[in-house]
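> Okay, predicted coordinates and the sequence, questions at the end:
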Amino acid sequence: MPIKLLVILVALMSASATGNTDSISSLRIPDTAVYDQNGKRLSFYTDLIKGKTVAINFIFTTCTTICPTLTAMFRKLQQDLGERIGLEVGLISVSVDPATDTPERLHDFAAKFKAGPGWTFVTGNKAEIDSLLQALGAAVGDKNDHTPMILVGNDVTGYWTRTYGLTPPATLVKVITRAANRE
Amino acid sequence: MVHATRIQAYIICLAIIAGLILPGSFGDLVFAGEAAQDLLTAQEESGKQIYVHGTSPGGRKILAYLGESSVEVPGGTMPCANCHGLDGRGKPEGGVVPSNLTWEALTKPYGVTRPGGRTHPPYTDRALEVAITRGLDPAGNKLLNVMPHYQLSQEDLGNLVAYLKRLGRDRDPGLTENSITIGTTIPARVDLAGIGQAIKAVTTAFFEDVNSRGGIYNRKIELKINATSDTPMTTSAIVKRFIQDEQVFAMTSAFTAGADKELAALMDNLEVPSVGPLTFYPQAGFPLNRHVFYILSGVDGQARVLVNFACQRMPDKRAGVLIVYSDDEMAKGVLAAITDQCQKSGCGPPENYGYPQADSDVPGFAAKLKETSKHVIFFLGTGREAIALMQAANELRWSPTFYLPGAGAGNEIFDAPTSFGQKIFFSVPSSPEDQTADGIEGFRALAAKHKLPAHHLAVQRSVYAAARILIEGLKRAGKDLSREKLIQALEGLYEYPTGVTPAITYGINRRIGAMGAYVVAIDPQRKRFLPASGWIDSH
């Protein structure tokens, strides 16, 4: 466990410092029961990750400084990926404040950023979301301290990498394409 | 300068004379002077809209470009206040520390050294424009890349810079060093005059008591009253003018029934917090209207409680239920709430039937309902209509259980056929059980001291509760008051006892203080209401 933590820490530190990406050797994604922005119950791994390439960011709707920026970046990513979204690549925004972020709130937030199909906003029971965040290496004590980080991965090949949340969308498209094409 | 001082001396002199002759006028003069000083100019007001909302008052385009990739978003997605705060001091989040934008901080004569070591000389108007549009500080350093570059017209830019000079020192309307203006709206209709008197009397009395104890952080509450008009549109226009002309900081116990949608939208639009509007139809759904805080559940919320109660009593949930509704625009929201709650409780989906237009059609209508073989009716209409349907059903030897959400019926319900004696249930959003010893005594003392009218006691209690909640919010918001701080303080209320209603809880997603209701049955022999349940929470 300490080794895994260290790996994540190093990955996070270097990611935020340089904007580069760092691959993660192994990441086990739990099949947490979650809700999407339409109040639909989903199993996180089965419905959102299994067999796909995904980009995951971490947001909360009452965050006004960094989250709108992160979300606007995802919006641009959605536009740049075009038809690949939904079929080949999924975008996921996980709330780090599930107690406040009800599906209705996420729905309003998603609408504000014109989120289209293939981009899922995720919330749920606080304890379960907390353990999901822990598993994804995005858990923080205070939501205001959450690091702008994007997790990119390909479930088929088991390749996962983290990148800085404010990485330009054009670069992100490359990171995602690399993840998708990886054998 | 000399001229200004002379005028000031003259005003003070006048004030002293006036104060000797007319006690109280001295204070008025001071208020007037201060209010004028606090008001933003038209240009600053325009700049404030850009700062707070990222939109141009002239309808011109404002765009924000993010990071090096220049992702383009509308200015409204990333207004300045998002990161720098309404007070300009910055809201650190996710490792980002937005700069302090107050004019004193920007123009410190010895320049600024940022935590990261970036140093720059003081800002000027021109330097600010460059920072906003090109992302460079006065030394030519690049600002942090989370600060968007904005594209906006020269006029909007000028307005924004004008406002930045006032940022952090401007007060919301209706607020001075020693007063807070609170407004209320009473119904203009003659048949509702009693309600109007109740609102006016209780609010006036309550604020007089608050003021006699020193006010809120030395600010006295000044109450302004206006009245509704014939149509929702004209009422909305009148209340808008009232709020702007009288500089109303917040509203309390405004009578909004009949114009709920319009007035709630108006409060949101003008950003005026409104506590405890008097209505049966709260507008508390998503997207959430942050500015309106209701006290009790409306008809829709109460209907949900009745559905839960009814479903629990049904021997077979699959038997299904009926909804009978009068042709009323307002019934639609309640209809949707019942349908949704039936689904959640597992006793749906309900079948909907519109109540017949003509009385002569009621027997046929009853026969049609009987044919469905269902025995539960949620009835959304008047008491008279419910009785007529019960009588027609009685003729058919059919006695389904009636559930009447909200205040749809009054004492006329005691005329129901005896076969329905045990089969009528109401909901009420508050009951005498909610009144605490402290609440009863507080209200009694206020009534005795101020000789409050003896009628419309339920309205009076609601008005009393709203005033208590508002004052509690103002106290918690602190001396450095703003509308936004009041909203946040109210959102922090948890199980707050008004003493005359169920305890009040608001939250970031919650605008109904007491979400739930009691179920009440009737005793037709003794013609009285009987409690059929304790408090049922619908949250």
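Noted; the coordinates are in hand.
> in chain A, which spans are helices?
A:2-18, A:67-81, A:84-87, A:103-112, A:126-136, A:169-181 (DSSP state H).
> ranking the ones you listed by burial, who's on top?
helix A:67-81 (a mean of 23; mean count of other C-beta atoms under 10 Å in any protein chain shown). The C-beta positions use only the backbone N, C-alpha and C, and glycine is treated the same way.
> Alpha carbons of it, in CSV - could you do that?
What follows is helix A:67-81, C-alpha atoms only, in CSV (Å, rounded to 0.1, in the frame of the first residue of the first chain):
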residue,chain,number,x,y,z
CYS,A,67,-13.9,23.5,-12.0
PRO,A,68,-15.5,25.7,-14.7
THR,A,69,-12.0,25.8,-16.4
LEU,A,70,-11.6,22.0,-16.1
THR,A,71,-15.1,21.5,-17.5
ALA,A,72,-14.7,24.0,-20.3
MET,A,73,-11.6,22.1,-21.3
PHE,A,74,-13.6,18.9,-21.4
ARG,A,75,-16.2,20.6,-23.5
LYS,A,76,-13.5,21.5,-26.0
LEU,A,77,-12.2,18.0,-25.8
GLN,A,78,-15.7,16.7,-26.6
GLN,A,79,-15.8,19.0,-29.7
ASP,A,80,-12.3,18.0,-30.8
LEU,A,81,-13.0,14.3,-30.4
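> Taking the centroid of chain A, which residue is nearest it?
The centre of chain A sits closest to A:Ile56, judged by C-alpha atoms, centre = their mean, with a distance of 1.6 Å.
> is it true that it touches A:Asp155?
No. A:Ile56 lies out of contact with A:Asp155 (C-beta atoms under 8 Å); the separation is 11.7 Å.
> Which one of the residues in chain A is closest to chain B?
A:Pro168 (3.3 Å; C-beta to the nearest C-beta).
> What about that residue, how many residues nearby?
20 (other C-beta atoms under 10 Å in any protein chain shown).
> Surely it touches A:Val175?
No. Between A:Pro168 and A:Val175 there is no contact under C-beta under 8 Å: 10.6 Å.
> shared neighbours of the two, which are they?
The contact sets of A:Pro168 and A:Val175 do not overlap (C-beta atoms under 8 Å, 6 or more residues apart in numbering or on different chains).
> so what's B:Ile216 closest to, chain neighbours aside?
B:Leu474 (4.8 Å; C-beta to C-beta, 6 or more residues apart in numbering or on different chains).
> Please report how far that neighbour lies from B:Val210.
According to C-beta to C-beta, to the nearest Å, B:Leu474 and B:Val210 sit 9 Å apart.
> intersection of neighbour lists for those two?
What both B:Leu474 and B:Val210 touch, as defined by C-beta under 8 Å, 6+ apart, is the set B:Ile216.
> Which of the two has more residues huddled nearby?
B:Leu474 (26 against 20).
> Report all helices and strands that the helix or strand encompassing the more buried one contacts.
Secondary structure from DSSP states H and E places B:Leu474 in helix B:457-477. Under the contact criterion of 3 or more C-beta pairs under 8 Å, 6 or more residues apart in numbering or on different chains; DSSP states H and E, helix B:457-477 touches helix B:193-212, strand B:250-252, strand B:274-275, strand B:292-296, helix B:437-450, helix B:483-491.
> can you do 7 Å?
Packing partners of helix B:457-477 (3 or more C-beta pairs under 7 Å, 6 or more residues apart in numbering or on different chains; DSSP states H and E): helix B:193-212, strand B:250-252, strand B:274-275, strand B:292-296, helix B:483-491.
> Any stretches of the chain with poor pLDDT?
No chain was given, so I picked chain A. A:1-23, A:25-26, A:183 (pLDDT under 70).
> that's the wrong chain, I wanted chain B
B:1-38, B:68-69, B:407-409.
> quick check: domain ranges of it?
Using automatic domain parsing, the domain ranges for chain B come out as B:44-164, B:175-296+B:434-508, B:300-428+B:519-537.
> Which of those domains sits closest to A:Ala33?
domain B:300-428+B:519-537 (17.8 Å; C-beta to C-beta).
> Need the distance between the two termini of that closest one.
Domain B:300-428+B:519-537 has an end-to-end distance of 13 Å (C-alpha to C-alpha, to the nearest Å).
> Tell me the secondary structure of the closest residue to B:Ile536 other than its chain neighbours, please.
Excluding the flanking residues, the one nearest B:Ile536 by C-beta to C-beta, 6+ apart is B:Val305, at 4.6 Å. With DSSP: H, G, I helix; E, B strand; the rest coil as the basis, B:Val305 sits in helix.
> From chain A, how far out is B:Leu481?
The gap separating B:Leu481 from chain A is 21 Å, by C-beta to the nearest C-beta, to the nearest Å.
> pretty sure that residue contacts B:Thr176?
No. Applying C-beta atoms under 7 Å, one finds B:Leu481 not in contact with B:Thr176, separated by 10.6 Å.
> Identify the contacts common to the two.
Shared contacts of B:Leu481 and B:Thr176, defined by C-beta atoms under 7 Å, 6 or more residues apart in numbering or on different chains, are absent.
> which stretch of helix or strand covers the residue nearest to B:Ala386 when sequence neighbours are not counted?
Among residues not flanking B:Ala386 along the chain, B:Phe379 sits closest, at 5.2 Å (C-beta to C-beta, 6+ apart). Using DSSP H and E, the element containing B:Phe379 is strand B:376-380.
> which parts of that strand are buried?
Buried residues in strand B:376-380, counted by 16 or more other C-beta atoms under 10 Å in any protein chain shown: B:Val376, B:Ile377, B:Phe378, B:Phe379, B:Leu380.
> Closest one of those residues to chain A?
Closest to chain A out of the buried residues of strand B:376-380 is B:Phe378 (23.6 Å), distances taken as C-beta to the nearest C-beta.
> correct me, but the closest one touches B:Leu404?
No. In this structure, B:Phe378 is not within contact of B:Leu404 by C-beta under 7 Å, at 8.1 Å.
> what are the phi and psi angles of the residue of the stretch 251-400 of chain B found nearest chain A?
Nearest residue of the stretch 251-400 of chain B to chain A, counting by C-beta to the nearest C-beta: B:Phe286, 4.0 Å away. Phi and psi for B:Phe286, reported as degrees, to the nearest 10, are phi -90, psi 150.
> Could I get the contacting residues of it?
B:Phe286 sits next to A:Glu104, A:Asp108 when contact means C-beta under 7 Å, 6+ apart.
> Ok, the one 5 residues further on next?
For B:His291, the contacting residues are B:Met267, B:Asp268, B:Glu271, B:Val272, B:Pro273, B:Ser274, B:Ile487, taking C-beta under 7 Å, 6+ apart as the criterion.
> The fourth one - how many residues pack around it?
It stands for B:Val272. Around B:Val272 there are 24 residues (other C-beta under 10 Å).
> Settle this for me: it is touching B:Ile243, isn't it.
Yes. Contact status for B:Val272 versus B:Ile243: in contact at 5.8 Å, counting by C-beta under 7 Å.
> and B:Asp172, what element?
With DSSP H and E as the test, B:Asp172 turns up in no helix or strand.
> Now for it: which residues touch it?
B:Phe249, B:Ser482, B:Arg483.
> Tell me the one of these nearest B:Gly140?
Among the contacts of B:Asp172, and counting by C-beta to C-beta, the member closest to B:Gly140 is B:Ser482, at 35.4 Å.
> Please name the nearest non-neighbouring residue to that closest one.
B:Ser482's closest residue in space is B:Asp172 (C-beta to C-beta, 6+ apart), at 5.2 Å.
> same question, B:Arg290
In space, and not counting its chain neighbours, B:Arg290 is closest to B:Ile487: 6.1 Å by C-beta to C-beta, 6+ apart.
> Same question for A:Asp97.
The shortest distance from A:Asp97 to any non-neighbouring residue, by C-beta to C-beta, 6+ apart, is to A:Phe60 (3.7 Å).
> Tell me if I'm right that that neighbour and A:Ser93 touch.
No. Taking C-beta under 7 Å as the definition, A:Phe60 is not a contact partner of A:Ser93, at 9.7 Å.
> No further queries at this time; thank you.
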